[in-house]
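Chemist: one predicted model, sequence on top.
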Amino acid sequence: MWTLWVNAGAKELANMPLVLLQYTAILGIVGLVLIAYRAAPAPAQRTQYVYGAVLGVAGYLLTLLVAEFIQSPSKPYIRNDLLFLACLLGGWRGGGIAFVLLVLARWQFGGSAQMPAATLDLMLFFASGLVAHWVVRNRSVLELRWHHLLLVWLVRVATGLLSVGVIALLGWLPTSLVYQVTALRVFGALPALALLAGLYTLFRLDAQHHVLLQRERDRGQLHPLTGLPNRRAMLDHLQSLFAETPARPHTLVLLESANYVEMLLAQGHSWADSMWREVAAHMNGAALPHTLSTCRPRVFQFTDTALAVVLHGVSSQEVEHKELAQALHHSLHLIWREAGNQPHQPQLRLTVTPLHSPDHTTAAEAMRDASLLLQQRIDLGEPVHFFHRGFAQQAALDSVVLSQVLQWIDTGQPPMAYQPKCHLATLQVKGAEALLRPAPIDGTPISPSHVLAVAARHRLLPALEWSTVVAVVRDAQRCWQESPGLSLSVNISGASLSTPGFAERVQALLHDAHLPPSTLTMELTESSPLPDVASVKTNLRTLHACGIAMSLDDFGSGYSGLSVLAHHPFAEVKIDQHMVAMIDVPRMKSAIQIALDTARHYDARFVAEGVETEAQRDTLAGMGVDTGQGYLFAAALPIQDFLAFVRQSLLPRQSALPLPA
Ligand code: C2E
Ligand code: MG
Ligand code: MG
């Protein structure tokens with residue numbers, strides 16, 4: 001008995017180099033398959049066929065090579081292992097292919113002698129390979145542990161022994177050979193463990209590589225500041241929506257915060273990032289209204305300052321009809337109110353547009369149109385705005401605005417209204433700011449910022465502003481006759497101020513209208529840096545020299561900063577309504593105090609815009625601010641109403657404050 005085992009061991013040992021060589025080749029072949037599918041992973045079924053074909057063909061060729069040993073009990077080739085592996089990796093599909101190829105090779109190169117025994121042997125390995133496949137199926141290779149490997153190996157060893165037993169029982173193996181073949185199978189199974197371990201390591205390394213790759217890919221899909229899915233992720237998602245057949249309607253909602261800059265200044269950068277995360281969490285949370293959650297909203301960080309939400313299976317018309325955007329706005333408003341932050345909340349502005357539009361046919365084009373919609377962002381003062389025809393609707397609206405601008409320039413009659421600037425304590429009117437008040441177009445309200453943006457795009461800003469100066473000087477004549485001493489302010493941008501000769505033209509206009517320079521103030525509105533050109537300095541110097549006051553609008557916001565004030569002689573400094581709205585946030589109150597101190601330092605008057613409540617008026621007055629402008633006193637009024645307002649303000653003090661229009 002011992003001699004038998006020793007002989008069998010010695011024989012297997014002699015075959016070992018040949019067997020190991022074949023195992024190494026198998027490792028190489030499997031490695032090649034893995035590498036081939038690294039770049040473009042194939043569906044599971046295809047890889048199963050590939051493993052079956054590759055291992056089956058390898059087995060076929062090996063059978064040809066070792067044809068001379070086929071009839072001997074100890075065969076230095078790994079036919080059974082190949083079939084077992086084909087089943088393990090390729091399931092019944094791969095195993096089936098390998099089985100057919102191996103049976104064919106056995107019959108073709110080994111002849112019909114002992115064919116039934118060989119076929120039965122292969123069948124048993126086929127079955128056990130499927131059992132091993134079943135053990136590891138549905139598990140990622142990274143979840144598999146060494147004991148799973150051992151189990152698979154034991155299945156393989158047991159099959160070898162079972163096969164010998166069954167073949168012997170059927171009388172297809174001479175009794176004299178049973179022990180010898182059994183011993184050979186036991187020894188032959190040992191290197192198979194090394195093969196399994198090698199394969200396990202190979203698959204594990206490959207899986208780790210894929211995990212790293214996926215991690216990298218995921219990272220590339222996240223916005224670096226907020227960690228939310230970014231534009232790339234959005235593009236991928238939109239591409240899948242554009243590929244849908246039949247196409248379904250989907251809607252894009254773009255979310256921005258109208259008071260983003262002020263909130264950022266008051267609360268800091270980390271607030272801004274966490275705000276978008278909060279919005280995204282709300283979209284996926286239980287508090288989202290049911291009507292919205294049925295649209296399966298997907299949130300993406302569209303830009304640093306805007307989110308995009310895709311609402312699925314719903315058209316923008318339905319969104320409007322069912323008031324979904326308003327519901328979203330309201331529910332977001334509530335989360336901040338419940339957090340006790342009122343009134344220092346982000347003022348969200350929602351732009352709703354269909355994902356599919358005749359203007360764009362691909363996901364990338366849809367993204368660009370959404371960007372353009374945001375870029376031409378027009379603050380309509382309303383929280384939700386619909387563009388059912390997408391970007392084209394905006395373009396059509398803009399062309400009507402453009403024709404109006406051209407007409408105003410031609411006639412010198414832009415629609416101006418006047419918002420009083422009042423003494424905070426006495427309510428006495430000190431002057432007024434002229435503001436553009438365009439009529440709505442087809443029911444769509446048009447804001448001054450919209451008009452200015454269109455004019456700027458067509459290089460018409462200086463011409464438009466000149467027409468407003470002409471209109472305001474005309475109204476100033478009426479004002480001068482009724483209430484001498486009032487000064488009307490007109491807004492101008494750096495574009496006008498850098499036009500050579502601008503100051504002289506203003507001076508001549510006032511002269512021709514027989515008005516003193518004190519009747520006109522020029523408010524410098526800055527949304528971009530003041531051009532550092534000689535004409536700006538010359539115009540500012542000339543205006544100052546002839547007594548036309550300059551006012552620095554929205555000081556502390558945007559580009560209207562300290563260095564402009566330090567370099568040029570401004571008689572007035574104004575702070576923006578968003579600063580006043582947050583006056584009870586300590587950091588914002590300090591910012592207002594700093595602005596006030598700065599104005600005093602430069603001998604400039606200080607005007608607070610956007611005074612809406614008595615509390616704000618009291619706080620501002622308590623800080624030493626003496627002039628305010630805002631809905632608490634009056635909105636912008638047509639010139640005759642403004643003059644009536646002035647008359648009323650001169651009546652004894654018991655008269656009530658007029659309500660804002
Ligand atoms: P601005 O010069 O800072 O004008 C003040 C803005 O605050 C106006 O917005 C006014 O309607 C608004 N406002 C006044 N009181 C309150 C209040 O109590 N609460 C709130 N929330 N807002 C208040 P509007 O008319 O929409 O103008 C926006 C901007 O458009 C102006 O800001 C100015 O920069 C520009 N603009 C308006 N008209 C003209 C114009 O004729 N020429 C130029 N160049 N710019 C203009
Ligand atoms: Mg202004
Ligand atoms: Mg302002």
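Modeler: Ah, there it is. Because the structure is a prediction, the values reported are computed rather than measured. Ligands and ions are numbered 1, 2, ... in the order given.
Chemist: residues in contact with stretch 31-43?
Modeler: 47, 50-51, 54, 202-203, 206, 209-210 (Cβ atoms under 8 Å, 6 or more residues apart in numbering). (Glycine included, C-beta is placed from N, CA and C.)
Chemist: quick one: mean pLDDT over it.
Modeler: Regarding stretch 31-43, the rounded mean pLDDT is 85.
Chemist: could you list every residue that touches the closest residue to ligand 2 within the stretch 351-500 of the chain?
Modeler: Ranked by Cβ to the ion, the top residue of the stretch 351-500 of the chain for proximity to ligand 2 is N491, at 4.6 Å. Listed by Cβ under 8 Å, 6+ apart, the contact set of N491 reads 433-435, 465, 468, 523, 525, 553.
Chemist: from those, which land in helices?
Modeler: Members of the contacts of N491 lying in helices (criterion: DSSP state H): 465, 468.
Chemist: in strands, which of the contacts of N491 fall?
Modeler: By the criterion of DSSP state E, membership of the contacts of N491 in strands covers 433-435, 523.
Chemist: could you redo these as CSV and give each row distance to ligand 3 and neighbour count?
Modeler: Output for these, formatted as CSV (distance: Cβ to the ion, whole Å; neighbours: other Cβ atoms under 10 Å):
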residue, distance to ligand 3, neighbour count
E433, 8, 23
A434, 13, 26
L435, 10, 18
E523, 7, 21
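Chemist: nearest to S557 among these?
Modeler: Taking Cβ to Cβ as the measure, S557 lies nearest E523 of the ones in strands among the contacts of N491, at 13.6 Å.
Chemist: the closest one pairs with what?
Modeler: Partner residues in beta bridges with E523, using DSSP bridges, are N491, S551.
Chemist: tell me the pLDDT of it.
Modeler: Model confidence at E523 (pLDDT) stands at 96.
Chemist: and the closest residue to P358 other than its chain neighbours, how many neighbours?
Modeler: Spatial nearest neighbour of P358, excluding adjacent residues (Cβ to Cβ, 6 or more residues apart in numbering): A392 at 7.4 Å. Applying other Cβ atoms under 10 Å, we find 15 residues neighbouring A392.
Chemist: on that earlier part again, in a markdown table, list the ones in strands among the contacts of N491 along with distance to ligand 1.
Modeler: Converted to a markdown table, those look like this (distance: Cβ to the nearest ligand atom, whole Å):
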| residue | distance to ligand 1 |
| --- | --- |
| E433 | 6 |
| A434 | 6 |
| L435 | 4 |
| E523 | 6 |
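Chemist: and the residues you listed, which is closest to L355?
Modeler: Using Cβ to Cβ, L435 is the member of the ones in strands among the contacts of N491 that lies nearest L355, at 36.3 Å.
Chemist: quick one: contacts of stretch 207-221?
Modeler: Residues from elsewhere that reach stretch 207-221 (Cβ under 8 Å, 6+ apart): 38, 41, 140-142, 229-230, 232-233, 236.
Chemist: hmm, back to that, min pLDDT across the contacts of N491, which one?
Modeler: Ranking those by pLDDT, T525 lands last with 86.
Chemist: wait, doesn't it sit right on S551?
Modeler: No. Shown here, T525 and S551 do not form a contact pair, counting by Cβ atoms under 8 Å, at 9.6 Å.
Chemist: between the two, which one's more packed in?
Modeler: The neighbour comparison of T525 against S551 (other Cβ under 10 Å) goes to S551, with 25 against 20.
Chemist: got the contact list for the more buried one?
Modeler: Counting by Cβ under 8 Å, 6+ apart, S551 has contacts 489, 521-524, 570-574, 607.
Chemist: could you do D359 as well?
Modeler: By Cβ under 8 Å, 6+ apart, the contact list for D359 reads 365, 369, 390-392.
Chemist: what's the most distant pair in these?
Modeler: E365 and A392 (12.2 Å).
Chemist: which residues of the chain fall in strands?
Modeler: Counting by DSSP E, the strands of the chain are 251-257, 298-303, 306-311, 348-354, 384-386, 416-423, 429-436, 487-492, 520-524, 549-552, 572-575, 605-609, 627-629.
Chemist: ranking those by mean pLDDT, which is last?
Modeler: Among these, strand 384-386 carries the lowest mean pLDDT, at a mean of 85.
Chemist: what's in contact with that strand?
Modeler: Residues contacting strand 384-386 (Cβ under 8 Å, 6+ apart): 316, 319-320, 325-326, 329, 349-353.
Chemist: which one (most neighbours) among the residues you listed?
Modeler: Neighbour max across the contacts of strand 384-386 (other Cβ under 10 Å) = V319, 29 neighbours.
Chemist: domain ranges for the protein?
Modeler: 2-218, 231-389, 416-649 (automatic domain parsing).
Chemist: can you redo the ones you listed as JSON lines with distance to Q407?
Modeler: As requested, these are exported to JSON lines (distance: least, Cβ to Cβ, whole Å):
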{"stretch": "domain 2-218", "distance to Q407": "54"}
{"stretch": "domain 231-389", "distance to Q407": "20"}
{"stretch": "domain 416-649", "distance to Q407": "10"}
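Chemist: neighbours around A604, how many?
Modeler: 21.
Chemist: now it: closest residue in space that isn't a chain neighbour?
Modeler: Computed as Cβ to Cβ, 6+ apart, the closest residue to A604 that is not its neighbour in sequence is V573, at 4.7 Å.
Chemist: the one you found against T598, yeah?
Modeler: Yes. When contacts are counted by Cβ under 8 Å, V573 is listed as touching T598 (7.2 Å).
Chemist: shared neighbours, the two?
Modeler: 555, 565.
Chemist: those two: who's more crowded?
Modeler: Remark: of V573 and T598, V573 carries more neighbours, 23 against 17, as counted by other Cβ under 10 Å.
Chemist: do you know how far that one is from ligand 2?
Modeler: 12 Å (Cβ to the ion, to the nearest Å).
Chemist: gap between the closest residue to F555 other than its chain neighbours and ligand 3?
Modeler: Nearest residue to F555, sequence neighbours excluded (Cβ to Cβ, 6+ apart): V573, at 4.8 Å. Separation of V573 from ligand 3 (Cβ to the ion) stands at 11 Å.
Chemist: could you pull up the residues touching V573?
Modeler: Applying Cβ under 8 Å, 6+ apart, the residues contacting V573 are 551-552, 555, 565, 595, 598-599, 602, 604-607.
Chemist: tell me how many other residues surround S140.
Modeler: S140: 12 neighbours (other Cβ under 10 Å).
Chemist: try N284
Modeler: 12.
Chemist: so how far is ligand 3 from Q221?
Modeler: For Q221, the distance to ligand 3 - Cβ to the ion - is 40 Å.
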